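>>> Provided below are the primary sequence and the corresponding predicted coordinates.
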Amino acid sequence: MTERASLIQIQDITKVYRMGDIEVHALRGMSLQVGKGELVSIMGPSGSGKTTLMNIIGCLDQPTAGAYFLGGTDVARLDDDQLAEIRNRQIGFVFQNFNLLARTTALENVELPLIYAGTSDRRQRAAAALKAVGLEDRLHHRPNELSGGQQQRVAIARALVNSPSIILADEPTGNLDSRAGAEIMAIFQELNQELGVTIVFVTHEPDIAAHTRRIIHLRDGRIAADEEVANPRQAGEHVYVGDRQTVFGKSLQELLTKGNNAR
Ligand SMILES: Nc1ncnc2c1ncn2[C@@H]1O[C@H](COP(=O)(O)OP(=O)(O)OP(=O)(O)O)[C@@H](O)[C@H]1O
Ligand SMILES: [Mg+2]
């Protein structure tokens, strides 16, 4: 196996939630490395600690004990401003329920992270991100005027618009039918294979996890198995959003290379 720089390095972390007198041990000692450019899925029963782990990886929460290094930086040493900067610039988040602003158009939803980042050509970049996920003809639709799969693609465009090096997704296909789920997997595989974006996502569906090279199984706050998938499924063939070559490939590439972040 070739050596890769470990982008995500987790060393023996625990997470204890305290609620009054009660302690919930969500993570019970977990070590994990994810290299730059990996596409990883996380599976496990409800309550096994998947979201807790994702929140820590995404710098939304800190472990109770243990260490987390992101790109070699000890996350525990960062102050709130530095954490916010990392979340905005380096990480794109995608959630099960899309988390779009309801009375706001697709374009405005995607512009939001650019406003926080103080980017100048916001409208143009947001439109490019929506084009990259095949939604150039839905720019002015509000979430309730879009299908579930389209809403999730808006959320992915929003996650991509700052050219992050990592995408974290907590059950991104959980509310979608299998066809819309395949579209999301096609976008993830393309981002990962063509553009080298590191992607970690949670799923309950073995068919979805089968699109990744590596499946990490959690159980009771621990890693129960870390499985290599010999022949990951390719989602591209099932996608019906325009012509994959021209709709995704080129415009995703343009979007991410136009980004001003050093990747
Ligand atoms: N903020 C919180 N306060 C207290 N306990 C929590 C909190 N968040 C999660 N927990 C508990 O920690 C454990 C792990 O929760 P987590 O959300 O990480 O599970 P999960 O694997 O994502 O489950 P699911 O598949 O249902 O989303 C659970 O027992 C949960 O009840
Ligand atoms: Mg969860």
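Yes, it's here. Ligands and ions are numbered 1, 2, ... in the order given.
>>> the residue of the stretch 151-263 of the chain at minimum distance from ligand 2 bridge partners, please.
The minimum distance from the stretch 151-263 of the chain to ligand 2, using CB to the ion, falls at residue 170 (5.9 Å). C-beta: built from backbone N, CA, C; applies to glycine. Residue 170 has these beta-bridge partners by DSSP bridges: residue 95, residue 202.
>>> around ligand 1, which positions in the protein sit nearby?
Contacts of the chain with ligand 1, taken as CB under 6 Å from any ligand atom, map to 17, 19, 24, 26, 44, 46, 47, 48, 49, 50, 51, 52.
>>> are any of the residues you listed buried, and which?
For the residues of the chain next to ligand 1, a neighbour count by 16 or more other CB atoms under 10 Å gives the buried set as 26, 44, 48, 49, 50, 51, 52.
>>> contacting residues around stretch 62-77?
6-16, 27, 29-30, 56-57, 59, 83, 86, 90, 165 (CB atoms under 8 Å, 6 or more residues apart in numbering).
>>> how far off centre is that stretch?
19 Å (CA atoms, centre = their mean, to the nearest Å).
>>> and that stretch, what's buried?
Neighbour-count burial for stretch 62-77 flags 63, 64, 66, 68, 69, 70, 75 (criterion: 16+ other CB under 10 Å).
>>> okay, now residue 6: neighbour count?
By other CB atoms under 10 Å, 17 other residues sit near residue 6.
>>> quick check: beta-bridge partners of it?
According to DSSP bridges, beta-bridge pairing links residue 6 with residue 35.
>>> from now on call the first residue 2
Shifting the count to begin at 2 puts that one at residue 7.
>>> from what I can see it touches residue 33, true?
No - if you go by CB atoms under 8 Å, residue 7 and residue 33 don't touch, sitting 9.5 Å apart.
>>> show the buried residues in the contacts of stretch 63-78.
Buried among the contacts of stretch 63-78 by 16+ other CB under 10 Å: 7-11, 14, 16, 28, 31, 57-58, 60, 87, 91, 166.
>>> what are the ranges of the helices in the chain?
51-58, 81-90, 107-118, 123-133, 149-161, 179-196, 207-210, 245, 252-259 (DSSP state H).
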